[in-house]
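Asks: one predicted model, sequence on top.
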Amino acid sequence: MIKAVKFHFLLLYFTVPHIAFSDANSAMQAMENDSNPLMLLSTSLGDIYIELFKDEAPNNVANFLALAHGEIEFIEKDSRNAFYPRYFDGMQFHRVIPNMLIQAGSPQYHPLGMPRRILADEINADVLGLDEQPVLNEFGEFNSLLNIGDRSSFQDSLLEPIMDHLGIDSDSELIDRQYEIYDLITNLTIKKAYELGGYTYSSNLTTRPVSRSIVALANNGPNSNGPEFFIATSDLPWLNGKHTVLGKVVEGMDTVDAIGRTEIDPLDPSRFATLIYSFRAIN
């Protein structure tokens, strides 16, 4: 019987290469600071180890840990009973964009919904260099960091915040003041443009760019941080300054890449979505 079990295990190991294996000891050795929380994210495709940067986003890291460990109260809508769930356990990576990111933790897919407490951003735009990046480059083109590719994205991300800032509320006034708007845009930094859109920044924090292996919070705009997070599978510079960085993967990027190979549309739930077994700190 024991020989049969060993045989089946070896067969599984050699015939299912997409299941990745990670090691806690090597994860601890890869950490930048061993006093940071080390999270083990166990999934149906393997383990992912994440170092959380408690000094770089202290409020959001503490909230994230509390959600993972079942320390935050949720009130069930119908019964009004209180629950303290390990929020991420049993959820799926509901959004996967190959060569970009994998995303999980959306309240839309949790039976208890959104936590009552929503947190502010913890981002230092100056450390990211956004205070020195102009909205328009020397050729009069939009900075690629803004990711403005069409009229709609220009209107949503730049024009509407500028109109609100200048108190412009009609198309006729927009036409009358178009040169004033142009002068403002030509002298605008990306940091200032984001601030006009409602983002606020902290000069006393350290912030990292959203690059491969970074774990950051997804949001619905400025200061709307909850449980939803993503892991970057590529460098995503156009997200810098808009998302609070929580940590980075120190072991298990092979698992992240395996999850990231299959596109998952959040509006079309798939049986191929990777399941989260558990998410907890191990140090």
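Replies: Okay, I see it.
Asks: only C-alpha atoms from now on, for both contacts and neighbour counts.
Replies: Fine.
Asks: chain center to stretch 57-76, what's the gap?
Replies: Centre-to-centre, stretch 57-76 and its host chain are 16 Å apart (Cα atoms, centre = their mean, to the nearest Å).
Asks: tell me which residues in that stretch are buried?
Replies: 57, 60-61, 63-70, 72, 74 (16 or more other Cα atoms under 10 Å).
Asks: quick one: contacts for F279?
Replies: By Cα atoms under 8 Å, 6 or more residues apart in numbering, the contact set of F279 is M39, L40, L41, S42, A68, H69, R86, F88, D89.
Asks: for the fifth one, give its distance to G105.
Replies: Distance of A68 to G105, computed by Cα to Cα, to the nearest Å: 10 Å.
Asks: list residues touching both of the two?
Replies: Between them, A68 and G105 share the contacting residues Y87, F88, judged by Cα under 8 Å, 6+ apart.
Asks: how about the helices in this structure?
Replies: Taking DSSP state H as the test, the helices found in the chain are 2-15, 24-30, 58-68, 151-154, 160-166, 171-176, 178-186, 190-196, 253-259.
Asks: re the thing from before, strands - which of the contacts of F279 land there?
Replies: M39, L40, L41, S42 (DSSP state E).
Asks: just flag the most distant two among these.
Replies: Largest separation among the ones in strands among the contacts of F279 by Cα to Cα: M39 and S42, giving 9.5 Å.
Asks: out of the helices of the chain, nearest to N204?
Replies: The nearest among those, by Cα to Cα, is helix 58-68 at 11.7 Å.
Asks: what packs against that closest one?
Replies: strand 276-281 (3 or more Cα pairs under 8 Å, 6 or more residues apart in numbering; DSSP states H and E).
Asks: then the strand it packs on to CSV, C-alphas only?
Replies: Provided in CSV are the C-alpha atoms of strand 276-281 (Å, rounded to 0.1, in the frame of the first residue of the first chain):
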residue,chain,number,x,y,z
ILE,A,276,-7.2,30.3,-2.6
TYR,A,277,-7.0,27.6,0.1
SER,A,278,-5.7,29.8,2.8
PHE,A,279,-3.8,33.1,3.4
ARG,A,280,-2.0,33.7,6.7
ALA,A,281,1.2,35.0,8.3
